[in-house]
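1. Dropping a prediction and its sequence here:
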Amino acid sequence: TQNNLTPKVMKESHPSFGFYLTKVKGLAPEYNQHSALDLKDIFSLTKAKLKASAQFNYMTDIPWLMKQYPAEYRSCPLLIVHGEQRGSKSALEKAASVFPNITLCNAKLEIMYGTHHTKMMLLLYDSGLRIVIHTANLIENDWFQKTQGIWISPLFPSLLGEQSAHRGNSATNFKGDLLEYLSFYNRPDIDEWCKHIKGHDLSNSSVFLIGSIPGRHLAERKTSFGHLKLRKVLNLHGPEKSLVTSSWPLIGQFSSIGSLGTDQNQWLCGEWLASLGTVKGCSLTSKTPLQLVFPTVNNVRESLEGYPAGTSLPYSINVAKKQPYLRNFLYQWKSDRLSRSHASPHIKTYLRVSPDNSSVAWFLLTSANLSKAAWGVLEKNGSQFMIRSYELGVLFMPQYLVSRKVFGVPEVKERKANMETISFPVPYDIPLIPYSNKDEIWIWDIPHIKAPDRHGNKWCPP
Ligand SMILES: O=C(O)c1cnc2c(C(=O)O)cccc2c1O
């Protein structure tokens, strides 16, 4: 799907399917021009006149955010959907009170430890609606030295005639799923935005929506969200099991890890991997090889930010020591092809890759880290599905984008002769690089003093 992006970001050697990374300061220009955007680029993608916008996020620096909008749009109505509570909530209210065009909407978080992780922009123009789903907080530190992912929708035109939840939908049911996700906030300000969405034609959105809504979901609601939604979508629309056999590894890449249980076969290699290893017509047993990408201490130390990059990689020692088995699955963060090996990853992606690393069966960009809170966990003998946090992601399925059975992997020399494949811009280098036996997983609340980072500092957390 071609977005009507301004030429400067569309000079692509390959279609980007609307998938972009954030710009990284200091890189050679060619690593920032193609398929890399910053917030100001996103706001200037179209010449149409912005009428209103909504920003769903976890962390928002309101004065900084306002400066990213073009001056002529800084008085447009802006809804900020957040999950702040107590002190940080009043701090946000204080910051917002300076801007009369800002309305705050507090997403309810009724289950302990849940967060509002979802990162989405709804941009209403006089000539259409654009949706952006991404992984960056609305704070400066998230936008210039990290690897972050962005999906930009086409500019969806207004629906002719009555607004409708059913007309202007696509084969991926993107419009229906987005309206269902937003309805669960049960907030009048968000319901207003649902009217705008109903009033637009989203029929050329060719990605699937994978969201998480906090709650204990029962019966058919169980497959509306989290990893069970992904299981359902892969079951109905996924790759053929004759092509994507259980030997195709599942790669998970994320910036935080939760408590996954003392036995890897319970949730990680049981319930969760069974969902992500699903192919059309069946939910594979979890024989799928699992490869997890999370930065080593050295990856963090060598990053552009140095050890402080670790403040966005919240993996704590108390959780890590309960799950030493993770070691068996770990791979380093490496992105030399995009010159982003030192741009610490805050992006979260999941994909299914062929054993010869030449093909990708599907690709998910999401806010969801590797945790039960984000993806959900079955309870009460599978009768209910408990999710703690709001999450949102988009699933790229080749047959819905390029009518091919698989995506290629960039820079793969030997192409299967008969398959003229189109590569998906995977944001890290494949094949992956395993941890060396000297590597340690990054943990943010213990000292790292063996070697200084590029700023000459060591890491001594409080
Ligand atoms: O982007 C996000 O949604 C997100 C959520 N949570 C955290 C935490 C935490 O929850 O302790 C610590 C540091 C960074 C983040 C972060 O970047």
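-> That came through fine.
2. Check whether Leu182 really touches Ile190, as I assumed.
-> Yes: using C-beta atoms under 8 Å, Leu182 is in contact with Ile190, at 5.3 Å. Using the backbone N, CA and C atoms, a C-beta is placed for each residue, glycine as well.
3. give the contact list for the closest residue to the ligand within the stretch 51-200 of the chain.
-> Nearest to the ligand, among the residues of the stretch 51-200 of the chain, is Tyr58, at 3.4 Å (C-beta to the nearest ligand atom). Residues in contact with Tyr58 (C-beta atoms under 8 Å, 6 or more residues apart in numbering) are His82, Gly83, Thr115, His116, His117, Thr118, Lys119, Asn137.
4. And for Phe329?
-> By C-beta under 8 Å, 6+ apart, the contact set of Phe329 is Leu290, Gln291, Leu292.
5. Please tabulate these in CSV, including the columns pLDDT, distance to His200 and neighbour count.
-> Shown next, in CSV, are the contacts of Phe329 (pLDDT from 0 to 100; distance: C-beta to C-beta, whole Å; neighbours: other C-beta atoms under 10 Å):
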residue, pLDDT, distance to His200, neighbour count
Leu290, 98, 39, 18
Gln291, 98, 39, 19
Leu292, 99, 38, 20
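6. and those residues near the ligand, which?
-> By C-beta under 6 Å from any ligand atom, no member of the contacts of Phe329 lies near the ligand.
7. Near the ligand, which residues of the stretch 1-150 of the chain are found?
-> Residues of the stretch 1-150 of the chain lying near the ligand (C-beta under 6 Å from any ligand atom): Tyr58, Thr115, His117, Asn137.
8. Of the residues you listed, which pair is most distant in space?
-> Thr115 and Asn137 (11.6 Å; C-beta to C-beta).
9. how far out from the middle of the chain is stretch 350-360?
-> 19 Å (C-alpha atoms, centre = their mean, to the nearest Å).
10. Any stretches of the stretch 351-462 of the chain with poor pLDDT?
-> Applying pLDDT under 70 to the stretch 351-462 of the chain picks out residues 412-420.
11. Which members of the contacts of Tyr58 are positioned in strands?
-> Using DSSP state E, the members of the contacts of Tyr58 that fall in strands are His82.
12. Pull out the buried residues from the contacts of Tyr58.
-> Neighbour-count burial (16 or more other C-beta atoms under 10 Å) applied to the contacts of Tyr58 gives His82, Gly83, Thr115, His116, His117, Thr118, Lys119, Asn137.
13. hey, which helix or strand in this protein has the poorest pLDDT?
-> Lowest on mean pLDDT, DSSP states H and E among the helices and strands of the chain sits helix 7-10, with a mean of 43.
14. Any regions of this protein where pLDDT drops low?
-> Ranges of the chain meeting pLDDT under 70: 1-15, 283-286, 412-420.
15. For it, identify the residue most remote from the centre.
-> For the chain, the residue at maximal distance from the C-alpha centroid (C-alpha atoms, centre = their mean) is Gly161, at 33.8 Å.
16. Just say helix, strand or coil for that residue.
-> Under the three-state scheme (DSSP: H, G, I helix; E, B strand; the rest coil), Gly161 adopts coil.
17. Is Ile150 bridged to anything, and to what?
-> Ile150 has these beta-bridge partners by DSSP bridges: Tyr20, His134.
18. I'd assumed Lys23 was in contact with it.
-> No: in this structure Ile150 lies outside contact range of Lys23 using C-beta under 8 Å: 10.5 Å.
19. So for the two, which sits in the more crowded spot?
-> Using other C-beta atoms under 10 Å, the more surrounded residue of Ile150 and Lys23 is Ile150, with 25 against 21.
20. At the contact with the ligand, which residues of the stretch 251-400 of the chain appear?
-> Ser312, Pro314.
21. Which residues are in contact with the closest residue to the ligand within the stretch 251-400 of the chain?
-> Per C-beta to the nearest ligand atom, Pro314 is where the stretch 251-400 of the chain lies closest to the ligand, at 3.8 Å. By C-beta under 8 Å, 6+ apart, the contact set of Pro314 is Ser256, Trp444.
22. From His342, how far off is it?
-> From Pro314 across to His342, the span is 20 Å (C-beta to C-beta, to the nearest Å).
23. Give me the neighbour count for the nearest residue to Lys49 once chain neighbours are set aside.
-> The shortest distance from Lys49 to any residue other than its chain neighbours is 4.5 Å, reached at Asp126 (C-beta to C-beta, 6 or more residues apart in numbering). Here the count is done by other C-beta under 10 Å, and Asp126 has 9 residues near it.
24. wait, what's in contact with the residue most central in space within the chain?
-> Ranked by distance to the mean C-alpha position of the chain (C-alpha atoms, centre = their mean), the top residue is Thr366 at 2.1 Å. Shown in contact with Thr366 (C-beta under 8 Å, 6+ apart): Thr135, Ile210, Lys348, Thr349, Tyr350, Glu391, Leu392, Gly393, Val394.
25. Recalculate using a threshold of 10 Å.
-> By C-beta atoms under 10 Å, 6 or more residues apart in numbering, the residues touching Thr366 are 117-119, 133-135, 149, 151, 210-212, 230, 254, 347-350, 374-375, 391-395.
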